[in-house]
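Novice: sequence and computational prediction follow.
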Amino acid sequence: MTGVVLAAGEGRRMGRPKLLVPVEGRPLLSWVVDLVERLPVDERLIVLGAEATAIREAFFSSRGEGAHLPWHLVVNEDWHDGMGSSLRRAAEAVAGGMLVFLGDMPWVPEAAARAVLGRAGDRPVAPAYRGRRGFPVYLPPSLRPALLQLSGDRGARGLVGDCEVIPWDDPGVVRDVDAPEDLPGRVRDRGPA
(Lines give C-alpha, C1' and ligand atoms only; values in the text may rest on other atoms or scores of the structure.)
Protein backbone atom coordinates (compact mmCIF):
# COMPACT_ATOMS: atom_id res chain seq x y z
CA MET A 1 0.00 0.00 0.00
CA THR A 2 1.32 3.42 -0.96
CA GLY A 3 0.23 6.68 0.61
CA VAL A 4 -0.02 9.13 -2.31
CA VAL A 5 -0.24 12.91 -1.99
CA LEU A 6 -1.31 14.88 -5.06
CA ALA A 7 0.40 18.28 -4.87
CA ALA A 8 0.94 19.35 -8.47
CA GLY A 9 -1.60 22.13 -9.00
CA GLU A 10 -0.78 25.79 -9.48
CA GLY A 11 -3.15 27.22 -6.87
CA ARG A 12 -4.01 30.25 -9.03
CA ARG A 13 -6.86 31.40 -6.78
CA MET A 14 -4.48 31.69 -3.82
CA GLY A 15 -2.23 34.10 -5.71
CA ARG A 16 0.99 32.46 -4.45
CA PRO A 17 2.36 28.92 -3.98
CA LYS A 18 -0.64 27.54 -2.14
CA LEU A 19 0.94 24.47 -0.55
CA LEU A 20 3.54 26.65 1.22
CA VAL A 21 0.96 29.09 2.65
CA PRO A 22 0.97 28.98 6.47
CA VAL A 23 -2.04 27.29 8.06
CA GLU A 24 -2.04 27.47 11.84
CA GLY A 25 1.70 28.21 11.82
CA ARG A 26 2.81 25.49 9.40
CA PRO A 27 2.93 25.14 5.60
CA LEU A 28 -0.37 23.79 4.27
CA LEU A 29 1.30 20.74 2.74
CA SER A 30 2.99 19.77 6.03
CA TRP A 31 -0.37 18.80 7.58
CA VAL A 32 -1.00 16.18 4.91
CA VAL A 33 2.60 14.94 4.77
CA ASP A 34 2.71 14.52 8.56
CA LEU A 35 -0.57 12.59 8.51
CA VAL A 36 0.66 10.19 5.82
CA GLU A 37 3.89 9.67 7.78
CA ARG A 38 1.86 8.47 10.78
CA LEU A 39 -0.01 5.83 8.77
CA PRO A 40 1.02 2.18 8.39
CA VAL A 41 1.75 2.26 4.66
CA ASP A 42 4.57 0.50 2.82
CA GLU A 43 5.63 3.48 0.70
CA ARG A 44 5.00 7.20 0.42
CA LEU A 45 4.83 9.12 -2.84
CA ILE A 46 4.10 12.75 -3.60
CA VAL A 47 3.28 14.07 -7.07
CA LEU A 48 4.62 17.60 -7.54
CA GLY A 49 4.11 19.91 -10.49
CA ALA A 50 3.70 23.68 -10.81
CA GLU A 51 5.74 24.52 -7.71
CA ALA A 52 7.92 21.40 -7.66
CA THR A 53 11.23 23.18 -7.10
CA ALA A 54 9.90 25.51 -4.40
CA ILE A 55 8.18 22.69 -2.52
CA ARG A 56 11.17 20.36 -2.78
CA GLU A 57 13.61 23.02 -1.58
CA ALA A 58 11.45 24.64 1.09
CA PHE A 59 9.94 21.49 2.47
CA PHE A 60 11.40 18.11 1.62
CA SER A 61 15.07 19.08 1.69
CA SER A 62 14.69 20.06 5.34
CA ARG A 63 12.89 16.82 6.33
CA GLY A 64 15.43 14.33 5.02
CA GLU A 65 16.43 11.86 7.69
CA GLY A 66 13.57 12.66 10.07
CA ALA A 67 10.86 11.02 7.99
CA HIS A 68 9.70 7.56 9.09
CA LEU A 69 9.86 6.22 5.52
CA PRO A 70 11.49 8.09 2.67
CA TRP A 71 9.24 9.92 0.26
CA HIS A 72 9.36 9.21 -3.45
CA LEU A 73 9.00 12.48 -5.31
CA VAL A 74 7.47 12.36 -8.77
CA VAL A 75 7.20 15.47 -10.92
CA ASN A 76 4.20 15.73 -13.21
CA GLU A 77 5.40 17.86 -16.11
CA ASP A 78 1.82 17.89 -17.40
CA TRP A 79 0.43 19.33 -14.14
CA HIS A 80 -1.48 21.99 -16.08
CA ASP A 81 -3.64 19.19 -17.55
CA GLY A 82 -5.22 18.59 -14.13
CA MET A 83 -5.63 15.94 -11.47
CA GLY A 84 -6.04 13.08 -13.96
CA SER A 85 -2.48 13.54 -15.17
CA SER A 86 -1.18 13.49 -11.58
CA LEU A 87 -3.08 10.30 -10.78
CA ARG A 88 -1.69 8.77 -13.96
CA ARG A 89 1.87 9.67 -12.86
CA ALA A 90 1.20 8.10 -9.45
CA ALA A 91 -0.14 4.92 -11.08
CA GLU A 92 2.99 4.75 -13.26
CA ALA A 93 5.10 4.72 -10.10
CA VAL A 94 2.94 2.43 -7.92
CA ALA A 95 2.06 -1.20 -8.66
CA GLY A 96 -0.27 -1.87 -5.70
CA GLY A 97 -3.12 -0.09 -3.97
CA MET A 98 -2.99 3.64 -3.31
CA LEU A 99 -4.38 5.69 -0.44
CA VAL A 100 -4.78 9.06 -2.17
CA PHE A 101 -4.71 12.43 -0.39
CA LEU A 102 -4.87 15.96 -1.74
CA GLY A 103 -2.10 18.29 -0.62
CA ASP A 104 -4.54 21.13 0.05
CA MET A 105 -6.68 19.27 2.63
CA PRO A 106 -4.99 19.91 6.00
CA TRP A 107 -7.96 18.94 8.18
CA VAL A 108 -8.39 15.27 7.21
CA PRO A 109 -8.68 13.40 10.53
CA GLU A 110 -6.18 10.62 11.09
CA ALA A 111 -9.05 8.39 12.28
CA ALA A 112 -10.77 8.81 8.90
CA ALA A 113 -7.59 7.87 7.03
CA ARG A 114 -7.12 4.82 9.25
CA ALA A 115 -10.77 3.80 8.76
CA VAL A 116 -10.34 3.91 4.97
CA LEU A 117 -7.04 2.04 5.20
CA GLY A 118 -8.69 -0.59 7.41
CA ARG A 119 -11.33 -1.28 4.74
CA ALA A 120 -8.85 -1.48 1.82
CA GLY A 121 -9.50 -4.51 -0.35
CA ASP A 122 -10.90 -5.09 -3.82
CA ARG A 123 -13.12 -1.99 -3.98
CA PRO A 124 -12.44 1.73 -3.73
CA VAL A 125 -13.14 3.19 -0.28
CA ALA A 126 -13.70 6.79 0.81
CA PRO A 127 -15.13 8.72 3.75
CA ALA A 128 -18.19 10.90 3.18
CA TYR A 129 -19.40 13.93 5.10
CA ARG A 130 -23.18 14.49 4.84
CA GLY A 131 -23.30 12.43 1.65
CA ARG A 132 -20.37 14.19 -0.01
CA ARG A 133 -17.51 11.80 -0.79
CA GLY A 134 -14.15 13.02 0.49
CA PHE A 135 -10.54 12.02 1.07
CA PRO A 136 -8.48 9.98 1.42
CA VAL A 137 -9.66 7.61 -1.27
CA TYR A 138 -8.36 4.07 -1.47
CA LEU A 139 -7.82 2.91 -5.07
CA PRO A 140 -7.27 -0.85 -5.41
CA PRO A 141 -4.63 -2.33 -7.75
CA SER A 142 -7.39 -3.47 -10.14
CA LEU A 143 -7.95 0.19 -11.12
CA ARG A 144 -4.33 0.68 -12.23
CA PRO A 145 -4.98 0.03 -15.97
CA ALA A 146 -7.75 2.65 -15.97
CA LEU A 147 -5.64 5.11 -13.94
CA LEU A 148 -2.87 4.80 -16.52
CA GLN A 149 -5.33 6.11 -19.13
CA LEU A 150 -6.39 9.22 -17.20
CA SER A 151 -5.86 12.69 -18.57
CA GLY A 152 -7.21 16.16 -17.97
CA ASP A 153 -8.88 17.30 -14.79
CA ARG A 154 -11.22 14.34 -14.58
CA GLY A 155 -9.46 12.55 -11.72
CA ALA A 156 -10.69 9.11 -10.66
CA ARG A 157 -14.28 10.10 -9.82
CA GLY A 158 -15.62 8.18 -12.83
CA LEU A 159 -13.63 5.08 -11.87
CA VAL A 160 -14.89 4.71 -8.31
CA GLY A 161 -18.58 4.15 -8.95
CA ASP A 162 -18.56 0.97 -6.83
CA CYS A 163 -16.95 2.86 -3.95
CA GLU A 164 -17.53 1.76 -0.37
CA VAL A 165 -18.47 4.91 1.52
CA ILE A 166 -17.72 5.37 5.21
CA PRO A 167 -20.01 8.03 6.74
CA TRP A 168 -17.86 10.54 8.64
CA ASP A 169 -19.01 13.34 10.94
CA ASP A 170 -15.96 15.58 10.48
CA PRO A 171 -16.03 18.06 7.54
CA GLY A 172 -12.23 17.78 7.36
CA VAL A 173 -12.67 14.91 4.88
CA VAL A 174 -14.15 17.34 2.32
CA ARG A 175 -12.64 20.69 3.32
CA ASP A 176 -9.79 22.07 1.22
CA VAL A 177 -7.92 25.34 0.74
CA ASP A 178 -8.20 26.94 -2.69
CA ALA A 179 -8.30 30.68 -2.02
CA PRO A 180 -7.43 33.11 0.81
CA GLU A 181 -11.01 32.98 2.11
CA ASP A 182 -10.56 29.23 2.79
CA LEU A 183 -7.86 29.88 5.40
CA PRO A 184 -8.65 29.51 9.12
CA GLY A 185 -10.62 32.42 10.51
CA ARG A 186 -12.47 32.92 7.26
CA VAL A 187 -13.68 29.33 6.79
CA ARG A 188 -15.73 29.40 9.98
CA ASP A 189 -17.73 32.33 8.61
CA ARG A 190 -19.06 30.38 5.64
CA GLY A 191 -19.22 26.92 7.21
CA PRO A 192 -17.78 23.63 5.97
CA ALA A 193 -17.09 23.19 2.28
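Specialist: Yep, it's here.

Novice: which residues of the protein fall in strands?
Specialist: If you assign secondary structure with DSSP state E, the strands in the chain sit at 2-7, 22-23, 26-27, 43-48, 71-75, 98-102, 125-129, 132-133, 137-139, 164-167.

Novice: which of those has the lowest average pLDDT?
Specialist: If you rank the strands of the chain by mean pLDDT, strand 22-23 sits at the bottom with a mean of 84.

Novice: adjacent strands (with direction) for that strand?
Specialist: In the sheet, strand 22-23 lines up against strand 26-27 (antiparallel) (DSSP bridges).

Novice: dump the strands of the chain to JSON lines, plus distance to Ala54 and mean neighbour count.
Specialist: Glycine gets a C-beta too; all of them are placed from N, C-alpha and C. Listed next are these as JSON lines, based on distance: least, C-beta to C-beta, whole Å; neighbours: other C-beta atoms under 10 Å:
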{"stretch": "strand 2-7", "distance to Ala54": "11", "mean neighbour count": "27"}
{"stretch": "strand 22-23", "distance to Ala54": "14", "mean neighbour count": "14"}
{"stretch": "strand 26-27", "distance to Ala54": "11", "mean neighbour count": "15"}
{"stretch": "strand 43-48", "distance to Ala54": "9", "mean neighbour count": "23"}
{"stretch": "strand 71-75", "distance to Ala54": "12", "mean neighbour count": "17"}
{"stretch": "strand 98-102", "distance to Ala54": "18", "mean neighbour count": "25"}
{"stretch": "strand 125-129", "distance to Ala54": "30", "mean neighbour count": "21"}
{"stretch": "strand 132-133", "distance to Ala54": "31", "mean neighbour count": "16"}
{"stretch": "strand 137-139", "distance to Ala54": "27", "mean neighbour count": "25"}
{"stretch": "strand 164-167", "distance to Ala54": "35", "mean neighbour count": "14"}
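
Novice: dump these to TSV, plus distance to Arg175.
Specialist: Listed next are these as TSV, based on distance: least, C-beta to C-beta, whole Å:
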stretch	distance to Arg175
strand 2-7	16
strand 22-23	11
strand 26-27	16
strand 43-48	20
strand 71-75	24
strand 98-102	11
strand 125-129	8
strand 132-133	10
strand 137-139	15
strand 164-167	16
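
Novice: quick one: which of those is nearest Val173?
Specialist: Set against Val173 and scored by C-beta to C-beta, the strands of the chain come closest in strand 125-129, at 4.3 Å.

Novice: low-confidence stretches in this structure?
Specialist: Residue ranges of the chain with pLDDT under 70: 10-17, 59-69, 151-160, 179-193.

Novice: helices of that one, start to end?
Specialist: 28-38, 52-55, 61-63, 83-93, 110-118, 144-147, 187-190 (DSSP state H).
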